[in-house]
Every structure is written in structure tokens, then in C-alpha cells.
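A.B. asks: sequence and predicted structure, then a few things I'm wondering about:
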Amino acid sequence: MRHGFRQSMAWLHTWSGLIVGWVLFAVFVTGTASYYRAEISRWMQPELRREATIGPDALARAAELGVAHLQQHAAGARTWFIALPQPDRPLIDLFWRTKPGTPPGRAVLDARTGEPAALRETRGGDFFYRFHFELHLPPLWGRWIVGICAMIMLVALVSGVVTHRRIFADFFTLRRDKAAQRGWLDAHNVTGVLALPFHLMITYTGVVTLALIYMPWGVTVAYKGDQQAFFAESGQITQPRPAAGRPGALVPVGPMVREALATIPEPLERLTISHPRDAHATVVAVFEEPHGLSHEHPQIAFDGTSGAVLEVRRGGLQPAAKTFTTMVGLHEAHFAGPGLRLLFFLCGLMGSAMVATGLVLWTVARLPKEGRAPGLGWRLVHALNVGTVAGLPAAVAMMLLANRLLPAGLAGRAEWEVWAFFGTWLAVTLVALVPAPRRAWSGAMAFAAILFLAVAVADGLTTRALWDDPAWFLAFDAAMLALAAACALVARKVTRYVAPARGRRSPAEGRPMPAAQARTALQPVPAGREEAGRRFERA
Amino acid sequence: MTLRPSALADRLGRAAVLGRIVLAAGGGYAIAALATALLSLVLPLPRSEAVTAATLASFAIMIAVVVVVFAARSLGRALAAIAIATLLLGGALWLVAGPLTPVVPT
């Protein structure tokens, strides 16, 4: 189609990228933030006091406290999840599922007393983490939408690579002094190509993380659709035990915790208790992954009514299963120390920038001719671009700000934070429709900058008394100031941008290109489009 | 209403593009799904390994099909390629697994 393979790929790249760009930008930004999920959670609950170590006795006691709470409040549940206290988060996080279709229950307990923890109510970093693959929609809907967008992103990446004649030269090309469209095109190429291995890796492994939702057919034919059997046989979980249908009494879990800790050296992360009141009650102790790329949690299964060990799972995965867990591990980057994690974070930012510059490029390349009003389609894309690229960072900042400014005892406080996030995002998108394009961009970026600045200021003013480790909180606030500076820099650049004068171009570049070539966004632009680029800042 | 030839060509062009999108999405998923099911049964590996390997490869298969559909010289050729691949894979799966009774994934 459209004159050959390269052109058809360019067309595919332009349009597949536009359709999913907004979702992908949100997925990239929240996913990038999720590299610091634990840090964000900690900052959003400054009341929390960390502990140096948590010994086996404290862990065993915390597990007992968790079970006691669940016996009282979640007796009818199918499965209990007890996240045990860690030095960074000395709390008992309880979660339980009753039956499909009913919302799960949650509680957070103080690890020493077993009473509900006295912390401000917030979703914390988990909000960004879950938004990253569920978009705050019903889980299956969100996961399918993100998965489809990720597949289209893979198509855009592959077709983008095919479209490039000179992928190596693109590493070093950023022509700021040429037309606006050239500059955006080069920025898109630099952010795309420089981190291309990361983009391909993170997109493919992201899809693989939820592979059995998208592609269950292998399990359907080989296991009659029984995913638990598949996971158990491939060595990723302990053998599931169906309920016996007879009542049974759970024996104390403290001794199981002690035995688990004596068996496996990794930190104990959580207990999963299935059918807690059945004769086949099963307690599975799940540990953190050992150091390494692969995302595989060692596990020990106990018989809940006798406390006897049923099964110990640690390592020993076969090649394909190991490949799968390594892909998931690469995506989550739990193995990464501070330096490598920062690199992942920067690559994530570059992915966000790649999507953002691609979206902007679409509008710059299609600016209406001088004197003509932009059409509805162009205005819509422009508003969604501003609303997403500038509005989403502003929304993140507003959520953090709401975390500091909303009263601690407000009913439904966590939901109000989420509303602050979506309200800001929507507001920026709608407001972006009003002013001229350039003013919309600089205004929205300046707004985001002010909000990030306000986050740091609000933290210092309202929460200083709660900081258990002032240096840590100051470092987080410094990161917020850096984000504010980055947004302010963009706002300033947009305001001060002066299009290069026509005379600076060599005559050869001013030559109009054949229409077929002009269609592909990745090739020299005809003169008319370059003029349009300069009109952008006048519009 | 009569259309100018160029407008007609434009509409036909758009219909062909829409056809390719539908074909790439539907055909790509169908081929990837059939290939996953087939490879899960025929790869000479332990059962769980065959399923894992086939599932991991399925997304690359789908991307390849999408690229083929958009790179094909005409929509007709793309359709033919997809149809042949689907029939071959479906037939092979039928030979290996027999007519499958529908199973609801749990």
C-alpha cells in the first residue's frame, strides 16, 4: 500500500502511534513512577516509623495478629493474604477475597498491637502501580486496553525501525536550528532510538507479564484451561489444594513462620491462606526473590490444620519457565540497585518523551494553512496532547499535594486524592482548548511546575514534624523540585522559542519534495509544512 | 450521487486501509492463538515448558503477521496469506488435538 514497504510502515507508524499515544504516555509515566513505588508510598504516609530489623519472633507474632483480625472480620473469605511487616514498612497489610464479583477486603494493622494503624488513608505508590496496567478501570477492562495499546506500540516500534534509513546517525542528530517539525522529529528519533533496546524490552516483557490473560490458548488446550495446574506444574507456585468441603480448624501460624524463616534465607514477604476454615486449609509462605534477574518467589506450603510442611519451592525452574520469570523480572527491575534503578527510571522518562514528542510531531506536521482555522480533529488532538503530556504530570503533582493538604481524618480520604488526580487531568485537557496552541502548552507546563513546587513547599510546611529521617524526605522533595524545574524549563522554552529564519536553510533543503515522500513523517518536509511549523508559535 | 474519480479512489483507499487494520488485528490474533495452541501440544518439551515457550513466542508471531498484512502489495494478497496460514494452523491443530470441546478458562 501507499508506494512500497517503507512508506506503508511510515503510515502505520504515524497512525498506530497517534491512536494509542495518550494511553501509552500515561502507562509510561505511571510505570516509570512505579520504579519508586515504595518510596512514594513511604512519602505519602509520613507518620510511618521504620524499624532497623524485624526478628522472627516479631514476624511470628505479627502473623498471629493478622490471622486473629481475619478470623474476626473475614471469616467467610476464600483466601486471606497477610503481608508481613518489613523494616521499611513495619505494618501488617491484610487483604482478603470472598468470592468472584465481590470487592476484596483490606485492612492495615499496627505490627505491635494488631490495632488498625494510625496513618493517613492513601493509595500511595500503589495507585500509580495499578494505574500502570489497569488505568483505574475494572481490572480486566484496564488490562485488555493496556495490552492492546502495548501491542500497537510494538507495531509502532517495529514499523518505526523499518522506516529509518539511518538509525545509527539518529543517535547524534538533533537539529534545533532547522524548522520546528525537524526539531520535533529529531527529538522523537533521539528519545526513541537511544533507548530503543529498553523500549522493545519493556513493551514485550510488559505484555508477557499478563500473557495468560491475552493468550490463554496454550493453557486451554494443554491444561483444559486450568491455569493453577499450569503454574504449579511449571514450578512457579506450590500445588493448589481444593477445599475438602469439611470444616477444619487453623492451627497457630506462628510456628509455621518460624519454620519457614529457618528454611529459606530470603526475607519473608507474606502468607497466603486458602480455605482458612476448611479441613484442607493451606498456608503458603512467600519469600522475596533471591538476588538475580528472575522474578521467582521461593515458597513453602503448610497444611493449615496440622502445620506440617507440604512442599518447598525454590529455584530449579526449567528453561522456558525461567525465561518467563526473567522477563517479568526485567520488567519490574526489583534486582536493580540504586544506580541501575535510576537508569531504568531515566529510560522510562525517555520512553515518555518519545511518546510525547511523537504526539506533538503529529500536530506540528498538520498545522492548518495560514489564515485557516484548525479543524475539529486537529483541535481535539492538540487538547488531548496538552491534557496528557502536561496534564498528567500536573495530576501526579496534585495528588501528592492533596496528600499533604487534605485533613488527615477526612472520610474517604484516599478516594479524594484519586479525584484530585483525575480532576486536574480533565481540567487541564478542557482548558487547553481555549487559548492559542503555544500559550496552552506553556501555561499547562507552568501549572505543572507550580504544582510540583507546591508539593515540596507543602511537605516542608505541614509535615516536617513527622519526618523520621529528614534527609530522606528532603531528598524526595528535591526530586519534586527537579521535576518542577524540568516543567518550568519546558514552559520557558515554549514561550521563548523563535523559529529559525528562512534564510538560514540551504537552497537544497527548500526544494519541495514529491508528494509520496512528503506523506511519510520521517523524511524531509516540503517547504509548505516547514512554514506551518513556524506558524505554530504565532497561532 | 456520482463521485469524481479521485474521490472514489480516495474512498476505496480508505476502505482498503480499514480492511488491513481489521485483517491485521483479527488475523494476527487468530494466527497467534492457533500457533500457541498448536505449539503447546507439539513442541518436544515437558507440557508446562511447551505452553510457556509457545505463549512467550505468540506476541512476536502476532507482530510479524501485522507487519506482513501492512507490507503486502494488496489487500487481496494479505487476505490470501492470512487465510492460508489460518487454515494450515487450524488443520494441524485439529489433527493433533481432535475437535476441541470448548473449555472455559478458569
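C.D. replies: Received the coordinates, thanks. Residues are numbered from 1 along each chain as shown, chains lettered A, B, ... in the order given.

A.B. asks: sticking with residue A:220, tell me its helix or strand.
C.D. replies: According to DSSP states H and E, residue A:220 maps onto helix A:217-223.

A.B. asks: which other helices and strands does the helix or strand following that helix contact?
C.D. replies: Sequence-wise, the next helix or strand downstream of helix A:217-223 (DSSP H and E) is helix A:227-233. Applying 3 or more CB pairs under 8 Å, 6 or more residues apart in numbering or on different chains; DSSP states H and E, we find helix A:227-233 packed against helix A:217-223, helix B:47-71. From N, CA and C alone the C-beta is placed, and that goes for glycine too.

A.B. asks: any idea how far helix A:227-233 is from the chain center?
C.D. replies: 27 Å (CA atoms, centre = their mean, to the nearest Å).

A.B. asks: quick one: low-confidence residue ranges for chain B.
C.D. replies: B:1-5, B:99-106 (pLDDT under 70).

A.B. asks: go on, the stretch 101-250 of chain A?
C.D. replies: Ranges of the stretch 101-250 of chain A meeting pLDDT under 70: A:164-178.

A.B. asks: name the helices or strands packed onto the helix ranked longest in chain B?
C.D. replies: Assignment by DSSP state H gives helix B:5-42 as the longest helix of chain B. Packing partners of helix B:5-42 (3+ CB pairs under 8 Å, 6+ apart): helix A:217-223, helix B:47-71, helix B:75-97.

A.B. asks: and those, which is most packed in?
C.D. replies: With neighbours taken as mean count of other CB atoms under 10 Å in any protein chain shown, the helices and strands packed on helix B:5-42 reach their highest mean count in helix A:217-223, at a mean of 25.

A.B. asks: make TSV from the helices and strands packed on helix B:5-42 and add distance to residue A:17 to it.
C.D. replies: TSV is the format used below for those (distance: least, CB to CB, whole Å):
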stretch	distance to residue A:17
helix A:217-223	29
helix B:47-71	14
helix B:75-97	21
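
A.B. asks: name the helices or strands packed onto the host helix or strand of residue A:9?
C.D. replies: Counting by DSSP H and E, the element that carries residue A:9 is helix A:5-34. Contacts defined by 3+ CB pairs under 8 Å, 6+ apart place helix A:5-34 against helix A:125-134, helix A:139-163, helix A:338-365, helix A:376-385, helix A:391-405, helix A:515-519, helix B:47-71.

A.B. asks: relative to helix A:125-134, how tilted is the very next helix or strand once past that helix?
C.D. replies: Toward the C-terminal end, the helix or strand that comes next after helix A:5-34 (DSSP H and E) is helix A:37-44. Using axes from the mean of the first three to the mean of the last three CA atoms, to 10 degrees, the direction of helix A:37-44 lies 140 degrees away from that of helix A:125-134.

A.B. asks: CA atoms only for helix A:37-44, dumped as PDB, please.
C.D. replies: Output of helix A:37-44 as PDB, limited to C-alpha atoms (Å, rounded to 0.1, in the frame of the first residue of the first chain):
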ATOM      1  CA  ARG A  37       6.600   2.800  44.300                       C
ATOM      2  CA  ALA A  38       7.800   2.000  47.800                       C
ATOM      3  CA  GLU A  39       9.400   5.400  48.100                       C
ATOM      4  CA  ILE A  40       6.200   7.200  47.000                       C
ATOM      5  CA  SER A  41       4.200   5.100  49.400                       C
ATOM      6  CA  ARG A  42       6.500   6.000  52.300                       C
ATOM      7  CA  TRP A  43       6.400   9.700  51.400                       C
ATOM      8  CA  MET A  44       2.600   9.600  51.300                       C
END
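
A.B. asks: got the angle for it vs helix A:5-34?
C.D. replies: Using the same axes, to 10 degrees: helix A:37-44 against helix A:5-34 is 40 degrees.

A.B. asks: get me the contact residues on the stretch 251-400 of chain A for chain B.
C.D. replies: With CB under 8 Å from any CB of the partner chain as the criterion, the stretch 251-400 of chain A comes near chain B at residues A:318-321, A:323-324, A:327.

A.B. asks: pull out the buried residues from the residues you listed.
C.D. replies: A:320-321, A:323-324, A:327 (16 or more other CB atoms under 10 Å in any protein chain shown).

A.B. asks: which one of these sits closest to chain B?
C.D. replies: Nearest to chain B out of these is residue A:320 (CB to the nearest CB; 3.9 Å).

A.B. asks: residue contacts, that closest one?
C.D. replies: Residues near residue A:320 by CB atoms under 8 Å, 6 or more residues apart in numbering or on different chains: A:234, B:45, B:48-50, B:52-53, B:56.

A.B. asks: surely it forms part of a strand?
C.D. replies: No. Per DSSP: H, G, I helix; E, B strand; the rest coil, residue A:320 lies outside any strand segment and is helix.
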